[in-house]
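Provided below for reference: sequence and predicted model.
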Amino acid sequence: MSILGGSIPGTKKYKKEENKKKEEKKKKLVKSSLKEGKKYTKAQLMAKERIAAKKAGTYKKPKTAQELAKARIKAKKEGTYKKPKTAQELAKERLKIKSEKEKKKNYTINRRGRKVYK
């Protein structure tokens, strides 16, 4: 122990204390386990986080299905609505991008079958 009452810098005990201090700073507002050692369920944790955000004043209420539908109808009337792409359309885009990358081909394949970039 040093004269001031803490552990001596450079020792294992000192490093452990420093790590504990850092972890305390990083702690969340919400505990993830009960006193008995049991863990909260995912739903319970999400509810606790929501309640903590409300208390802190940072909570933003999610839009309901009705609100989303109204926004979509409004966008259609204005002409700014873009229909979401289907899975097939997204897959086609990915294949197109992949084929374009292959065309650029900035590598060669060596004797072992590995790509060697130029």
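Here it is on my side, so go on.

where do the helices sit along this protein?
Using DSSP state H, the helices of the chain run over 12-26, 42-56, 65-78, 87-104.

tell me how far K55 lies from P84.
From K55 across to P84, the span is 36 Å (CB to CB, to the nearest Å). In short, each C-beta sits where N, CA and C put it, glycine included.

so what's K85 up against?
Contacts of K85 were listed using CB atoms under 8 Å, 6 or more residues apart in numbering, and they are E93.

where in this protein is pLDDT low?
Within the chain, the stretches with pLDDT under 70 are 1-6, 22-35.

phi, psi for Y81 please.
The phi/psi pair for Y81 (degrees, to the nearest 10) reads phi -80, psi 130.

run a quick neighbour tally on it.
As a burial measure, Y81 scores 13 neighbours (other CB atoms under 10 Å).

neighbours around Q44, how many?
13.

for K101, same thing?
So K101, with other CB under 10 Å, has 10 neighbours.

state the distance from it to L95.
From K101 to L95 the distance is 11 Å (CB to CB).

and if you look at K77?
Remark: distance between K77 and L95 (CB to CB) = 35 Å.

please identify the most buried of the helices of the chain.
By mean neighbour count, with neighbours taken as mean count of other CB atoms under 10 Å, helix 42-56 ranks first of the helices of the chain at a mean of 12.

that one: how far from the chain's middle?
17 Å (CA atoms, centre = their mean, to the nearest Å).

before we move on, what about stretch 37-52?
Centroid displacement of stretch 37-52 relative to its chain, using CA atoms, centre = their mean, is 18 Å.

kindly export it (C-alpha atoms) in PDB.
Extracted C-alpha coordinates of stretch 37-52, given in PDB (Å, rounded to 0.1, in the frame of the first residue of the first chain):
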ATOM      1  CA  GLY A  37     -28.300 -14.400  -9.800                       C
ATOM      2  CA  LYS A  38     -31.100 -15.000 -12.300                       C
ATOM      3  CA  LYS A  39     -31.000 -13.200 -15.700                       C
ATOM      4  CA  TYR A  40     -33.800 -11.100 -17.000                       C
ATOM      5  CA  THR A  41     -35.600 -12.300 -20.100                       C
ATOM      6  CA  LYS A  42     -35.100 -10.300 -23.300                       C
ATOM      7  CA  ALA A  43     -38.500  -8.700 -23.000                       C
ATOM      8  CA  GLN A  44     -37.900  -7.700 -19.400                       C
ATOM      9  CA  LEU A  45     -34.600  -6.000 -20.400                       C
ATOM     10  CA  MET A  46     -36.200  -4.200 -23.300                       C
ATOM     11  CA  ALA A  47     -39.000  -3.000 -21.000                       C
ATOM     12  CA  LYS A  48     -36.500  -1.800 -18.400                       C
ATOM     13  CA  GLU A  49     -34.500   0.100 -21.100                       C
ATOM     14  CA  ARG A  50     -37.700   1.700 -22.400                       C
ATOM     15  CA  ILE A  51     -38.700   2.800 -18.900                       C
ATOM     16  CA  ALA A  52     -35.200   4.200 -18.300                       C
END
